[in-house]
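**Student:** next comes the sequence, and after it the predicted model I'd like to discuss.
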Amino acid sequence: MHTFGSSASLTVNGLPIHHVDPSDITADKRIRVVLFKENLSTGWDCPRAETMMSFRHAEDATYIAQLLGRMVRTPLKSHIRVDDYLNDVRLYLPYFNQATVKSVVDELQNTEGGEIPTVIDEESLENQVYVTLTVHPAKKKDDTPIPGQTVIFDMGVGSTTPITSDQPLTEDHSQIENGKQPEPVGPVRQPYPQQEPTPMVPLHPRTAADSSREQPVQVEQMTIPGAAEFDREKIIKYINEQGLLTYMVRSTTINSYLKSLLNLAALLTRYAIFPSAADEISDEVTDMVRAYAEGLRQSGKYDDLASQVLSLKLSVRVFDVFGEILGSGSYSAITMSESDLDRQLRNADASMGGFGFQNRYGTRFYDEDDPTAFKIDCILFAADQECLEQLSRYAEKKFHALNDQYRRQVVKKSDQCKREYSDIITNGDAVSKLIFSLPESITVRKDDGGKEYRDHLYVGDDGLAVIKLNNWEAGVLEEEAKRPDFVCWLRNPSRARWALCIPYELDGETKPMYPDFLIVRRDERLDYVIDVLEPHGGQFADNLGKAKGMAQYAEDEPSIGRVQLIREVKGAGGKPKFKRLDFSKGSIRQIVLKAVSMDELDRIFDKYGVIS
């Protein structure tokens, strides 16, 4: 399809390309590729767009920022849980100004990255920086592309620069700017010899053609003592069935608690997790309205307030053509009609969230002798600001209670149910409780100069994960690997959509932290136990906040194993050792939660910290 100004169909190499209005593209699931000139950058949103290839020369920072920012925001709000690679958006911009693109990416990272769960990055084809790791390692037999398969990098359009977003996607669709067709597959050509193309790469590329372009990297293989073969698929399945707690931290909420509560209740009812959830909430809200109305009756205020609802006061003023008042106003009271009363009832429903509580109230408390009484009750309730604040407090408390009570049961439901649940919870709270769930494949930045680990939960097709750790992190991991119950470990990357996140307070603001390591150990009663480890220097200003955040997490998530904040100390002969403060111990946890200063935390480390 194309969106050019002409509505006529185009013919390219005998292939008809029909015109479509931009507004019609999203709803038409048959459309897979769109050719366009300016529609995206001038205001067209297409949430099904996953990849864009631009043949335009762009230097202007504002134009580039608008294009990149719009693609960041367009993907559908859903999430692919099996393969994290499918949750990326890619832009290929071979002729955009490289320095300008980099500055825009840096700005997006600095501003938006802290507010939305989006990672924006860029790489070049010649220096691939992202690799795919999986729990299904298998040796590649060869890198020969499948016959008939076209790889975008073989199109002869020069090198490229990708930008990615972790916003959820579900379908594979493309947009191509300007309607220009790429050169046939063959030697790389420069269509515009007067300008050298900007090096650019798709974020997280993983095609066979890409692997042949990778630069060789010298890595040192790390052999962990005691490392043994283990069933990665079984571990992933076990972790995902536990419903472990993780968080999303954002600066603002999207929905009111009342709306989030009703959405959550609808989901719990629809998937038979708590079939009577919606009815229970409707009954509790209407009980609040009833109690308020009965209170007014007992205090003798009801009749007076009801008469005000049923009467309409008019103010009459006479003006001349110049807007000057010619006479004083007079007032009169008029009995309100049934239609006017219904209008007030609709306004009351809007004030209470628009969820139709008045209908439920009428069903429960309709009085044949006074058929308008239930309407007046609802109108009076919605007109009282204290009642609305009471309703909001109820919704917040009930929302959190239902989430805490039924979060683990959502784990057993379909992926569709999990996606809907995640959307509802994340839109309800600035700090929202979610279900920790790992995909089967992840896309991570390649660490040049890293070591090869065989006992990482995710590995490449060769069974290895190349990860670069500092001396402190490597030392902690080496101690863990010597434990007789050690199975494997997972690097928990900052801001990855699937990563375990814990909120903490710093200077009165809630921030997210991503502990460095998740350790998987064998357990006598259970198959496995999951530990959370965070090597963190005591000199950092956020040390107390992170310690209290981890302590609170250990209290809120009883299914987790050790939750440790780890510091490096000097051992005998100056050899570095690691002192661990374990928040899974209730006595230590309570002391840390009451700490008010860094000096106090240091004393707690000195007294209760354990050197392994």
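**Tutor:** Everything's here; your move. Predicted model only: the values in this text are computed from it and were never measured.
**Student:** every contact and neighbour count from this point should use C-alpha atoms.
**Tutor:** Will do.
**Student:** right, and the helix or strand after the host helix or strand of residue 407?
**Tutor:** For residue 407, the element it lies in under DSSP states H and E is helix 385-410. Scanning forward in sequence from helix 385-410 by DSSP H and E, the next helix or strand is helix 415-428.
**Student:** pull out the buried positions in that next one.
**Tutor:** 417, 418, 419, 420, 421, 422, 423, 424, 425, 426, 427, 428 (16 or more other C-alpha atoms under 10 Å).
**Student:** what's next to the next helix-or-strand element following it, contact-wise?
**Tutor:** As assigned by DSSP H and E, the chain's next helix or strand after helix 415-428 is strand 431-435. When contacts are taken as C-alpha atoms under 8 Å, 6 or more residues apart in numbering, the neighbours of strand 431-435 outside the stretch itself are 243-250, 403, 407-408, 411, 422, 425-426, 503.
**Student:** got the angle for strand 431-435 vs helix 415-428?
**Tutor:** Between the axes of strand 431-435 and helix 415-428, defined by axes from the mean of the first three to the mean of the last three C-alpha atoms, to 10 degrees, the angle is 170 degrees.
**Student:** okay, now the sheet partners of strand 431-435, with direction.
**Tutor:** According to DSSP bridges, strand 431-435 has the following sheet partners: strand 245-249 (antiparallel).
**Student:** helices of the stretch 501-612 of the chain, start to end?
**Tutor:** Shown for the stretch 501-612 of the chain, the helices assigned by DSSP state H, counting those that start in this stretch span residues 543-556, 586-594, 598-608.
**Student:** could you list the buried residues of the shortest one?
**Tutor:** To tie it back to what came earlier, the one meant is helix 586-594. Going by neighbour count (16+ other C-alpha under 10 Å), the buried part of helix 586-594 is 588, 589, 592, 593.
**Student:** pLDDT check: weakest of the contacts of strand 431-435?
**Tutor:** By pLDDT, residue 250 ranks lowest within those, coming in at 79.
**Student:** so that one makes contact with residue 430?
**Tutor:** Yes: using C-alpha atoms under 8 Å, residue 250 makes contact with residue 430 at a distance of 5.1 Å.
**Student:** before we move on, back to that, any idea which of the helices of the stretch 501-612 of the chain is most buried?
**Tutor:** Comparing the helices of the stretch 501-612 of the chain on average neighbours per residue, with mean count of other C-alpha atoms under 10 Å, the densest one is helix 543-556 at a mean of 22.
**Student:** keeping just the C-alphas, turn that helix into PDB.
**Tutor:** What follows is helix 543-556 as a C-alpha-only set of coordinates in PDB (Å, rounded to 0.1, in the frame of the first residue of the first chain):
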ATOM      1  CA  ASN A 543      23.000   2.900  50.000                       C
ATOM      2  CA  LEU A 544      20.500   3.300  52.800                       C
ATOM      3  CA  GLY A 545      17.600   3.700  50.400                       C
ATOM      4  CA  LYS A 546      18.500   0.500  48.500                       C
ATOM      5  CA  ALA A 547      19.100  -1.400  51.700                       C
ATOM      6  CA  LYS A 548      15.600  -0.500  53.000                       C
ATOM      7  CA  GLY A 549      14.100  -1.200  49.600                       C
ATOM      8  CA  MET A 550      15.600  -4.700  49.500                       C
ATOM      9  CA  ALA A 551      14.500  -5.300  53.100                       C
ATOM     10  CA  GLN A 552      10.900  -4.300  52.300                       C
ATOM     11  CA  TYR A 553      11.100  -6.600  49.200                       C
ATOM     12  CA  ALA A 554      12.200  -9.500  51.300                       C
ATOM     13  CA  GLU A 555       9.300  -8.900  53.700                       C
ATOM     14  CA  ASP A 556       6.700  -8.600  50.900                       C
END
